[in-house]
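K.L.:
Quick check, what structure comes out for this input:
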Amino acid sequence: MSAPKVRVFDNLLAPPDQAAVWNFLNQPGWAYGGFSAEGPDADRYFYKHFAGYRKDGREAREAVSIETELAQTAPLLADVWAALKKGPLGGQALSRCYANGMAGGIEGGLHLDSTIESHLTAIYYAHPAWSPNFGGETILFNETGDEIIAAIYPKPNRLAVFAGTIPHVARPMSRRRAELRITLMFKTMPPNEGGA
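P.N.:
You can find the predicted model right below:
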């Protein structure tokens, strides 16, 4: 079995920038009802949508308008995106930027972010500290969902990038941690390409 192509970038932001992103994400404005699994029994969690596609990727959107939306709703995150575009996500266009906030004990569901191989998922772990006892890893599975092929530890200031076609799930965080497990998501696609 071959491992998936997961690129990990540690110490992504300078400490003052990491702190600024963390503080920004902890501001009010969270909505409730996000989910990664279908069905009435799926756990719900908090989310903030900053820019991009909201439904299935077939909305009439252009990369420039998505970047403009991000600059208007979250200028700090637009600066992060600009740096990512020049570095780890070079050659990609932004399709969506949002944050998830999961409380202890809330479970994600195994899902795909896209059905198109060239679409990428980038997860940024903005929190200032983490313990292995907290859980909350991002787990990647094979196509059939019956084998773990990678686990991404939510190390502070880490960016993990992988194909959106890889089935993955956020594992529950321990109830011992009082704060939310907050992840910042940058979904990308090649320029001039749409669809999810």
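K.L.:
Buried residues of stretch 32-48, list them for me.
P.N.:
Buried residues in stretch 32-48, counted by 16 or more other CB atoms under 10 Å: 34, 36, 43, 45, 46, 47, 48. (Each C-beta comes from the backbone N, C-alpha and C, glycine too.)
K.L.:
Let me know the closest of those to residue 141.
P.N.:
Each of these was checked against residue 141 using CB to CB; the closest is residue 36, at 13.0 Å.
K.L.:
wait, what's in contact with that closest one?
P.N.:
42, 108, 109, 110, 111, 169, 170 (CB atoms under 8 Å, 6 or more residues apart in numbering).
K.L.:
one more time with 6 Å
P.N.:
By CB atoms under 6 Å, 6 or more residues apart in numbering, the contact set of residue 36 is 108, 109, 111.
K.L.:
Pick the one among the residues you listed closest to residue 15.
P.N.:
For the contacts of residue 36, the nearest to residue 15 is residue 108 (28.7 Å; CB to CB).
K.L.:
Assign that closest one to helix, strand or coil.
P.N.:
Here residue 108 is recorded as coil under DSSP: H, G, I helix; E, B strand; the rest coil.
K.L.:
Report how many residues lie close to it.
P.N.:
23 (other CB atoms under 10 Å).
K.L.:
Repeat that for residue 129.
P.N.:
6.
K.L.:
element containing it?
P.N.:
Assigning secondary structure by DSSP states H and E places residue 129 outside every helix and strand.
K.L.:
quick one on the thing from earlier: now for the buried residues of stretch 32-48: which two are most distant?
P.N.:
43 and 48 (17.7 Å).
K.L.:
Please state the offset of the helix or strand of the chain with the lowest mean pLDDT from the chain centre?
P.N.:
The helix or strand of the chain with the poorest confidence is strand 31-34; it has a mean of 83 (mean pLDDT, DSSP states H and E). For strand 31-34, the separation from the chain centroid amounts to 15 Å (computed by CA atoms, centre = their mean, to the nearest Å).
K.L.:
is the residue nearest the centre of the chain in a bridge, and if so with what?
P.N.:
In the chain, the centroid-proximal residue (CA atoms, centre = their mean) is residue 185; its distance is 2.7 Å. Counting by DSSP bridges, residue 185 forms beta bridges with residue 98, residue 123.
K.L.:
residue boundaries of the strands in the protein?
P.N.:
7-9, 31-34, 45-52, 93-102, 120-125, 138-141, 148-152, 158-163, 168-170, 181-189 (DSSP state E).
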